[in-house]
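Trainee: What follows is a predicted protein model with its sequence.
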2 protein chains.
Amino acid sequence: MRTVPTVYEVARHARVSTATVSRVLSGNDRVRPEYRERVFAAVAELGYVPSGAARDLAARRAGVLGLCFPDLVGDQDIESDAMFWYDEIIRGMERAARRRGYALLIAACHDTDDVDLVTTVAGRCDGLVVLARTVPAPVLERIAGRIPVVMLAGPRTPDEVARVVDHLVVANRAGAFEVTGHLLDVHGYTDVWFIAGPDSPDSAARFEGYQAALTERGLPVAPRPHAISDFTTAGGRRAVAQLLSDGHRPRALVCANDQTALGALTALAGAGLRVPQDVAVTGFDGIQLGQHVRPALTTVAQPMRQLGEKAVSMLEERLADSALASRLIEMPVRVDIRDSCGCSAVP
Amino acid sequence: MRTVPTVYEVARHARVSTATVSRVLSGNDRVRPEYRERVFAAVAELGYVPSGAARDLAARRAGVLGLCFPDLVGDQDIESDAMFWYDEIIRGMERAARRRGYALLIAACHDTDDVDLVTTVAGRCDGLVVLARTVPAPVLERIAGRIPVVMLAGPRTPDEVARVVDHLVVANRAGAFEVTGHLLDVHGYTDVWFIAGPDSPDSAARFEGYQAALTERGLPVAPRPHAISDFTTAGGRRAVAQLLSDGHRPRALVCANDQTALGALTALAGAGLRVPQDVAVTGFDGIQLGQHVRPALTTVAQPMRQLGEKAVSMLEERLADSALASRLIEMPVRVDIRDSCGCSAVP
DNA sequence: CTCCGCCGTGTACGCGCTTACTGTATGCGC
DNA sequence: GCGCATACAGTAAGCGCGTACACGGCGGAG
C-alpha cells in the first residue's frame, strides 16, 4: 500500500511550508490566495486526509463528544427488544453535537467492567455525557479531572462525584406524581400498583412520586414496589405475568418506564385481560413505540431532544469555563394521555 | 484547574520509566509485579487518564470505528418522525464494534457539505462505514486511501470508488420481487403500484424487483414509479395523499421503505380507505415500528444486526490485509408477511 | 532616503504516548 | 569461575500536526 501522505508531503508538493498548509486547512488565516490554491491542489492530488490523532495532540482539542450508555440488552438477541430510551438520546445528542461541529463517540458500558472502553472514549473526546449507572464512580471522577462530564439521569453517586460532574435529570418524581394522580382522580382507580425498574435513582424517584400521589389523597401506600422489572420489555412481561399468576388483579399499573409497560401490555393480553377496561397501564419515557401500540400508551414523556441539546450546551459551558461549580439541572416532563389509562384519545 | 497528569508524572510517581508505565497499561508485557502495582497505584492516585490522541499517534491505531449516516431528518423537528432504518444500524454496529473492543464514532452527513465533519470522523478512526449517499465520491476515495471503507446500501458510485471501497448491500431486487409476487399471486391483486424513495440505488433496485415481478407474470409494467417520496413518513403521506386526491385508487402499494409505507397508511386512513380491505400496503426495511402499527406492516426485513456485524468484520479483514481486492457482498432479506398486505397474521 | 510597522511566511519545538533498541542483572551450562 | 542466554528496565526517537517566534519585504511617515 502506498504510504499515507502527511503535511510534509503536501507542503513540499505545494512548495510552501507546513505552517502554511496548516493555516490553509484550518481555514481562517491570511494566506496569499496563490499559495492557498496550491495547497488545495496538492491536497487533492495526494489524497491527503489529516491525522485526527496528530491534530488533537497538537491542538489539544478533538472536536468529538462522548456518550456512554448502558448496555441493557446485554447478550440477548439485539432484535428482541424495541428501541430504548437511550436510542433516542443518542439521536438527540448526535444532532446537538453536529450542530456545533462535533462528532459523537459512543459506547455502551456496564457499571462493572469495560473500563478500557470507557477510557478509550474518555481519552478521545472534549467532553463526555454518561447515562447513569454506566461508569463506576471512581472512574468517573478521574475522567472528570480531565474533561467536563455531564451525567444524565442520575444522581445516585457519592458526593465526591457530584462535586465534579454536572447532572441533568428529568422531573421523575413530579411526572410520576402527576400520572398517578390522573389515574386516581380522573379514572377513580384506587387499586393502583407500581412496577419498578432495576435499582436505579430514576426508578426510585418515580416510585416516590407515585407514593406521594397516594399519600396526598389519604390512600394506603405500598412501602415498596409491587414488582420489579429491569427496564426491558421482557422484564416487564415477566414481572406482571408473575403478579397475575399469583392471583393479583390491580386496577391499574404505573410502570417505571415504557418498555416495562409494553411488557405489561403483553402479559395482560396473555392473561385475557383487557387494557384499559380491566387493567389500566401507564409508562414513563415517551418512546415512539408507545404511540403505536394498541392501546396507545399513556406515559410521561421526557424531552429527548432538549436533553441532548442541554447536555451538549452544559459541556460547552464547562469547556469555556472550567472553574464553573457543578450543577444539577432538572428538565420538565409532560404527561401524554393516550388510551392505556382509560381515556380514549381523540387526536 | 490542576494540570492533567501525563505518563511522565505517573512514571516519576511510580519510580519507573515511561516505557514501563506504557507496558503496564497496555497489559500484556512482562513487568515485575512489584512495578506493576506501583504503576497502578500511581495511576489511581494521580487520576491519570491517558490521552487518546497521543496514544493513537504513537501506536497508529485508534480503537475507533466510524459511521456516517444520512441526515434524513434535516432541520425538521427531530421528534416528528419515527426512528429510521439507520438508527437500528447504529445500534447494530455499536454492538458489533464493542464486541471487538472498538468504540463507535458517528456523524450524520449530507452528500453535499459537511466535508469537515467527515474529515473529523475519518481522521480519527481505524475504519469507516458510510451509508450510501452521505459522502461525495471524491472525498470517499481520498479517505479510502487512508483507512478501510465499507459502503452500506450502495453502490451508486463511479467505478473508481468501487475499486477502493467494499460494498455491503441487501437483496433489494429479490426482496421487492418476492413481496410484489406475494401481492400478485396470493392476493390476486393486479393493480399494484410502486411508491419510490428519493433518487437512490436502493429505491431503484427495489423498483426493478417490483417491475420484474409484474413482467414475469405478463402484467403491464409502469416505466417509472407511480409516486416519489423521500424515505420519510411525511414524504410517504404526502405522496400517497396526492395520488388519492388525483383520483387514483390502486389496489396495492409497494413502498420503497417502511417509513414511506407508514406515511401511506396515514394518508389512506385520512382518505377513509381501509388497509388492507381497500388498499394493501407493503414496506421495506423491517423497522420495529412496523410490527406495532395497525394493521401490522408486511415488509421486507433487512438483517440489521448481521449488517452491522458484517460491516465490522469486513473492516477488520481489510485492516489485517490492506491488499485485499474490493468486494461486493449481498445479504439476504426476509419477507415478513403481516396484516397490511391482506393476510391476517396469526402469530 | 531612512526607520518603523505590519503582513505573510518559514523554522522548529513540543503535544503525550509507543516501541525499537540498548543496557544490566540473573541464571544456566560447561 | 566464565561465557552466554534470558528477562526486564530504561533511553530516546519518532508519530503528524499546530503554532510561537523569527524573519524578510514592503508601504507610509518623517
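Mentor: Great, that's in hand.
Trainee: and the stretch 151-300 of chain A, which of its residues are near chain B?
Mentor: Within the stretch 151-300 of chain A, the positions near chain B by CB under 8 Å from any CB of the partner chain are A:288-289, A:292-294. From N, CA and C alone the C-beta is placed, and that goes for glycine too.
Trainee: Buried subset of these as a PyMOL selection?
Mentor: A single PyMOL command selects the buried members of those (16 or more other CB atoms under 10 Å in any protein chain shown):
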select buried, chain A and resi 288+289+292+293
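Trainee: Among the residues of the stretch 151-300 of chain A next to chain B, which one sits closest to DNA strand C?
Mentor: residue A:288 (41.6 Å; CB to the nearest atom of the strand).
Trainee: Quick one, grab the pLDDT at that closest one.
Mentor: Turning to residue A:288, the model gives it a pLDDT of 86.
Trainee: Does it touch residue B:289 like I think?
Mentor: Yes. Between residue A:288 and residue B:289 there is a contact under CB atoms under 8 Å: 7.0 Å.
Trainee: Can you report the mean pLDDT over the residues of the strand or helix carrying residue A:310?
Mentor: Take DSSP states H and E as the rule and residue A:310 turns out to sit in helix A:304-320. Summarised as a single mean, pLDDT over helix A:304-320 is 92.
Trainee: Contacts for the helix or strand hosting residue A:207 next, please.
Mentor: Per DSSP H and E: residue A:207 is located in helix A:201-216. Contact partners of helix A:201-216, identified using CB atoms under 8 Å, 6 or more residues apart in numbering or on different chains, comprise A:132, A:153-156, A:169, A:172-178, A:180-181, A:184, A:192, A:194, A:196-197, A:220-222, A:225, A:231, A:254, A:256-257, A:284.
Trainee: Over to stretch A:296-303?
Mentor: Against stretch A:296-303 from outside (CB under 8 Å, 6+ apart): A:85, A:170, A:175-176, A:178-179, A:182, A:258, A:261-262, A:265, A:280-286, A:290-291, A:331-341, A:343, A:345.
Trainee: Please save the CA atoms from it in CSV.
Mentor: C-alpha atoms of stretch A:296-303 as CSV (Å, rounded to 0.1, in the frame of the first residue of the first chain):
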residue,chain,number,x,y,z
ALA,A,296,-51.7,3.6,22.8
LEU,A,297,-49.6,4.1,25.9
THR,A,298,-50.3,6.8,28.3
THR,A,299,-46.9,7.9,29.6
VAL,A,300,-44.7,10.6,31.0
ALA,A,301,-42.7,11.9,28.1
GLN,A,302,-39.1,13.1,28.6
PRO,A,303,-37.9,15.9,26.3
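Trainee: How far does stretch A:248-261 stretch from one end to the other?
Mentor: Criterion CA to CA, to the nearest Å; first-to-last residue distance in stretch A:248-261 is 17 Å.
Trainee: in it, what's buried?
Mentor: A:250-261.
Trainee: and what of stretch A:330-347?
Mentor: A:333, A:335-343.
Trainee: Check whether that stretch comes near chain B.
Mentor: No. Using CB under 8 Å from any CB, we find that stretch A:330-347 stays clear of chain B, coming within 11.0 Å at best.
Trainee: pull the CA atoms of that stretch into PDB?
Mentor: What follows is stretch A:330-347, C-alpha atoms only, in PDB (Å, rounded to 0.1, in the frame of the first residue of the first chain):
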ATOM      1  CA  GLU A 330     -33.900  19.300  36.100                       C
ATOM      2  CA  MET A 331     -35.900  19.300  32.900                       C
ATOM      3  CA  PRO A 332     -39.700  19.200  32.900                       C
ATOM      4  CA  VAL A 333     -41.700  16.300  31.700                       C
ATOM      5  CA  ARG A 334     -45.100  16.100  30.000                       C
ATOM      6  CA  VAL A 335     -47.800  13.600  30.700                       C
ATOM      7  CA  ASP A 336     -49.100  12.200  27.500                       C
ATOM      8  CA  ILE A 337     -52.600  11.000  28.000                       C
ATOM      9  CA  ARG A 338     -53.500   8.300  25.400                       C
ATOM     10  CA  ASP A 339     -55.600   5.200  25.700                       C
ATOM     11  CA  SER A 340     -54.000   2.700  28.000                       C
ATOM     12  CA  CYS A 341     -55.100   4.700  31.100                       C
ATOM     13  CA  GLY A 342     -58.700   4.500  30.200                       C
ATOM     14  CA  CYS A 343     -59.000   7.800  28.400                       C
ATOM     15  CA  SER A 344     -60.000   7.400  24.700                       C
ATOM     16  CA  ALA A 345     -57.500   9.600  22.900                       C
ATOM     17  CA  VAL A 346     -59.100  11.900  20.300                       C
ATOM     18  CA  PRO A 347     -56.200  13.100  18.200                       C
END
